[in-house]
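A.B. asks: Structure, please.
(4 chains)
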2 protein chains.
Amino acid sequence: MTMNKNLLSGSTTMLILKLLDDKDMYGYQMIDELSRRSDDTFSLKAGTLYPLLHNLEEQEMIESYEEYAEGNRIRKYYKITKKGKKLLLEQRNEWNLYAEKINKVLEGGVEFVTI
Amino acid sequence: MTMNKNLLSGSTTMLILKLLDDKDMYGYQMIDELSRRSDDTFSLKAGTLYPLLHNLEEQEMIESYEEYAEGNRIRKYYKITKKGKKLLLEQRNEWNLYAEKINKVLEGGVEFVTI
DNA sequence: ACATCATATATAGATAATCTATATATGTCA
DNA sequence: TGACATATATAGATTATCTATATATGATGT
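C.D. replies: Here you go, the predicted structure:
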């Protein structure tokens, strides 16, 4: 990823699952789509994505099928499974909790609030 | 950390700097304070914190001084430096951007919005 | 015709932030 | 006295990302 690579650590799977929850995509398309939707904030590297996709497929979170594009080019499309949708939901809940608590800590140790 | 350890990756430094921006603290206190302020969502491990503090001190983001507590116990207090305050500000900006973009991706590829 | 770049998938090895496990020492409580 | 909380510290394991590299096709420019 661009920006602090560590901040994103652990969110990549969630983002990929979210993309596939919207529609089937092939790897390279996910990289572009993620970049576009995040206003170029997230630019996932191919070397990160492909192993991650293989891993998610092995865990049955996604399924792949091949489709011919122009020429002899074969594209490997991925589709989210029911199990993957469940994981996505869990990860979204976790993300919401995490973001909420980070913001709470950043608000500071305010003991008294004036009204 | 409790929860997904990877989600937090990269935020720990920011959270520690934020705690020290509120007031000087010693290591163990930071663990408790972070746990308290995050409603027990974040429970930083001592094995994570101490090396991180040594690192931040080496980079001159924080400074330490010793103070005697009850008995012969010496506590090592940490204080944020000007350089550390600057880093905190940068990391907060980065966090805000990151959270915003993650949420944008999670909103989905909505092309049209009804009014 | 050929080079170069974008598309597309893939893997090996490096980097870095966290973790677990362990060590040491003091204070408190049963 | 033993167990547990407090307090600091380090070594080694784990894991998610990265960079670098490989392969192959299609499009573009000269």
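A.B. asks: Surely A:E66 is in a helix?
C.D. replies: No. Using DSSP: H, G, I helix; E, B strand; the rest coil, the assignment for A:E66 is strand, not a helix.
A.B. asks: And the pLDDT for it?
C.D. replies: In this model, A:E66 is scored at 93, pLDDT.
A.B. asks: now the one 10 residues further on
C.D. replies: Among the per-residue scores, A:K76 holds a pLDDT of 95.
A.B. asks: Give me the three-state assignment for it.
C.D. replies: Each residue gets one of three states, and A:K76 gets strand by three-state DSSP.
A.B. asks: now check the longest helix along chain A, is it near chain B?
C.D. replies: Criterion DSSP state H: the longest helix present in chain A is helix A:82-107. Yes. Residues of helix A:82-107 are located near chain B by CB under 8 Å from any CB of the partner chain, namely A:R92, A:E94, A:W95, A:L97, A:Y98, A:A99, A:K101, A:I102, A:N103, A:K104, A:V105, A:L106. No exception for glycine: its C-beta is placed from N, CA and C like everyone else's.
A.B. asks: What sits closest to A:V105 if chain neighbours are left out?
C.D. replies: Nearest residue to A:V105, sequence neighbours excluded (CB to CB, 6 or more residues apart in numbering or on different chains): B:R37, at 4.8 Å.
A.B. asks: Give me the number of neighbouring residues for the one you found.
C.D. replies: Here the number of neighbours of B:R37 (other CB atoms under 10 Å in any protein chain shown) works out to 21.
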